[in-house]
Every structure is written in C-alpha cells, then in structure tokens.
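*Asks:* Sequence unavailable; structure follows:
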C-alpha cells in the first residue's frame, strides 16, 4: 500500500516533468515511467532472489512463508512490487494508444512496439545487473 | 495547495490500486490457479477497460472549459450533443466553472492516475515476459506481450463505448 502510493505519486511527478518541461508528446512520459520501472523491478528481482532462498519473486503466492524466514528482504520485495507496480501503468498506456489510433500511426507503432521491446530489454538489463551485483 | 491535494488523491488512489492488484493476482493465481502471466494480463485488461469508462464519463460530465481531449477520438461526433466542446459551456458562471475544473482534477487524479494507474502494471508484465523467456517458453512470452497490447487497446475502446452511455445529454 505504501509502495503503491509512492509509486503513483512518482509517476504523476514524472508525467508533469516531461509534459511541462519538454515539448515531447504526452505518451512519452508513460513510456519513460514504464521503462524505468521495468528496469528497477528487474534489478530488484535479481538481487533479492539470491537472498530469498526458499522462494523467489516468481512465486508471489508463497510470499507469506518467506516473510517469516527473511523478513527484511521480503518486506523490501513487497515494497518494490508495490512501488514499481504502481509507478508503471498499463491502463494509461492503452488509453494513450487509443488516442494515437486516430491517424498518428507512426507514433502508435513506436509506442506499442517500443514499449514492449525496450521494457523487455530494460528488465533484462536490470536482471543481469542485479545478478552481477549479488554474485 | 491545490496541487498538494491532487497529489494526496493520487497517493491514496495508488495505494488502493496496488492493494487491489495484489489481491486480484493472489485470487487468480493462488485460488483459481491460473498461471501468473494470465493473472497479470486479466488485471491489465480489466484496468484498461475501466480507464476508458472512467475517462469518458469524467470528461463528458465535468469537463466544461472546452479543453477536453474527447474530440481526438474517432466516434466523438456521437458525443457532440453530450459534451461541452470545442468552446466549452459559456452558460455557467465562472465560480461553477472553477468547481467543475477542481472536481475533474481531483477525480481524475484519484481514479485514473491513482487507482487505475496503480492497479495496472507494466513492470510485472515485463518481468513475467522475461521469466517466461528465460524458462524457454518464448512462445508464451510473445503471446503475453502482443496479447496484452491488443486486448488492452480493445478493452479501452470497449470502455469508451460503455462510458459513452453514462454521459447525460446536454
């Protein structure tokens, strides 16, 4: 809950910063937030996964069990899931896509495919970095 | 001051949305027993539907200053007799205009940026795609990626059409 609130506020601030501070179209702010959040969650997942030996982030259903064995790491994991999950958003992304459907096909393709590919690369980069750091 | 209250609304909504996301993922994954990427896809598509609905109903009822974005969408001609665009509602006094604007800002912040923005997620979606890819299920990773994109877009359009019915005629 706390992470979620913080994430949503940070997303709003990112949005304001990009919309007010630069001349880029509005969807770029959501794009940046999504890519940054993806990188961060990849980093957190990889670096925390080594510490949480019993179960990893992959299995969200067994969170309560690990909470007993690794309270600090697990608390951090929940915070990160809350923060990154709320910092990134899919609904505003879809809404932006719908506005771009009206004739701005190049930007639409850029946003859809770009978000998909770059967020994937970001989470992969975060994951690799996290593994390097904790190795 | 106004900005501070807007940020407070976003924070409240974001917290609520994140909790609901966690509970929904637990429900679909832990209790119903579907794979995690399906649970996250359902959350994202549901949130996309709701954002379309919320956007149209809020913009259609509270946006009276003529600065709305509804005219950017394809079927906006059908909303012409229900929304206050392109030049706004000239008949209402400035103080009410101000109230409409304030309510729009607070509700948009709470519902759209906060609740729905916190409910849906892109980071878990990318993480799941990576996990699927690493596990060798790259076919499912592709289905997850493109399926979520297309279903999300369709859900927003569905939400727009449903929300249109909630907007009263002028």
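*Replies:* Structure received. Since we're looking at a predicted model, the values are computed, not measured.

*Asks:* all helices for chain B, in order.
*Replies:* B:2-25, B:36-62, B:94-107, B:117-119, B:123-134, B:138-164 (DSSP state H).

*Asks:* Of those, which stretch is the most buried?
*Replies:* Across the helices of chain B, averaging neighbours per residue (mean count of other CB atoms under 10 Å in any protein chain shown) puts helix B:117-119 on top, at a mean of 33. For every residue, glycine as well, the C-beta is placed using N, CA and C.

*Asks:* can you tell me the helix or strand for the residue nearest to the spatial centre of chain A?
*Replies:* Using CA atoms, centre = their mean, the residue of chain A that lies closest to the mean C-alpha position is residue A:37, 2.7 Å off. Assigned by DSSP states H and E, residue A:37 falls within helix A:27-51.

*Asks:* which parts of that helix are buried?
*Replies:* Going by neighbour count (16 or more other CB atoms under 10 Å in any protein chain shown), the buried part of helix A:27-51 is A:27-49.

*Asks:* neighbours around the closest residue to the residue nearest to the centre of chain A other than its chain neighbours, how many?
*Replies:* Counting by CB to CB, 6 or more residues apart in numbering or on different chains, residue A:37 lies nearest to residue A:88, which is 3.6 Å off, once chain neighbours are set aside. A count of nearby residues for residue A:88, using other CB atoms under 10 Å in any protein chain shown, gives 31.

*Asks:* And residue A:88, its phi and psi?
*Replies:* Note on residue A:88: its backbone torsions stand at phi -90, psi 160 [degrees, to the nearest 10].

*Asks:* Tell me, what's the model's pLDDT at it?
*Replies:* We have a pLDDT of 87 for residue A:88.

*Asks:* how close does residue B:119 get to chain A?
*Replies:* For residue B:119, the distance to chain A equals 7 Å [CB to the nearest CB, to the nearest Å].

*Asks:* Who are the contact partners of that residue?
*Replies:* Neighbour list for residue B:119: A:91, B:17, B:18, B:20, B:21, B:24, B:43, B:46, B:47, B:50 [criterion: CB atoms under 8 Å, 6 or more residues apart in numbering or on different chains].

*Asks:* Redo those residues as CSV? Include distance to residue B:166 and pLDDT.
*Replies:* Formatted as CSV, the contacts of residue B:119 follow (distance: CB to CB, whole Å; pLDDT from 0 to 100):
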residue, distance to residue B:166, pLDDT
A:91, 18, 87
B:17, 21, 89
B:18, 26, 87
B:20, 22, 89
B:21, 24, 88
B:24, 24, 90
B:43, 23, 91
B:46, 18, 93
B:47, 18, 93
B:50, 12, 93
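
*Asks:* Point out where chain B drops to low pLDDT.
*Replies:* By pLDDT under 70, the low-scoring segments of chain B are B:66, B:72, B:74-78, B:85-86, B:170.

*Asks:* centroid residue for it?
*Replies:* Short answer for chain B (CA atoms, centre = their mean): residue B:51, at 2.0 Å.

*Asks:* shouldn't that one be in contact with residue A:93?
*Replies:* No. When contacts are counted by CB atoms under 8 Å, residue B:51 is not listed as touching residue A:93 (9.6 Å).

*Asks:* right, and residue A:7 touches residue A:89 too?
*Replies:* No. Applying CB under 8 Å, one finds residue A:7 not in contact with residue A:89, separated by 9.2 Å.

*Asks:* which residues are common contacts for the two?
*Replies:* Counting by CB under 8 Å, 6+ apart, the residues touching both residue A:7 and residue A:89 are residue B:118.

*Asks:* what about the two, which has more around it?
*Replies:* Between residue A:7 and residue A:89, counted using other CB under 10 Å, residue A:89 has the larger neighbour count: 35 against 32.

*Asks:* Thought residue B:47 was touching the residue nearest to residue A:37, still the case?
*Replies:* No. Counting by CB under 8 Å, residue A:88 stays clear of residue B:47, with 11.9 Å between them.

*Asks:* Residue B:65: what's it in contact with?
*Replies:* Residue B:65 neighbours (CB under 8 Å, 6+ apart): B:84, B:88, B:89, B:97, B:100, B:101.

*Asks:* now do 7 Å
*Replies:* Contacts here follow CB atoms under 7 Å, 6 or more residues apart in numbering or on different chains; on that basis residue B:65 touches B:88, B:97, B:101.

*Asks:* now those residues in a markdown table, with distance to chain A?
*Replies:* Formatted as a markdown table, the contacts of residue B:65 follow (distance: CB to the nearest CB, whole Å):
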| residue | distance to chain A |
| --- | --- |
| B:88 | 20 |
| B:97 | 23 |
| B:101 | 17 |
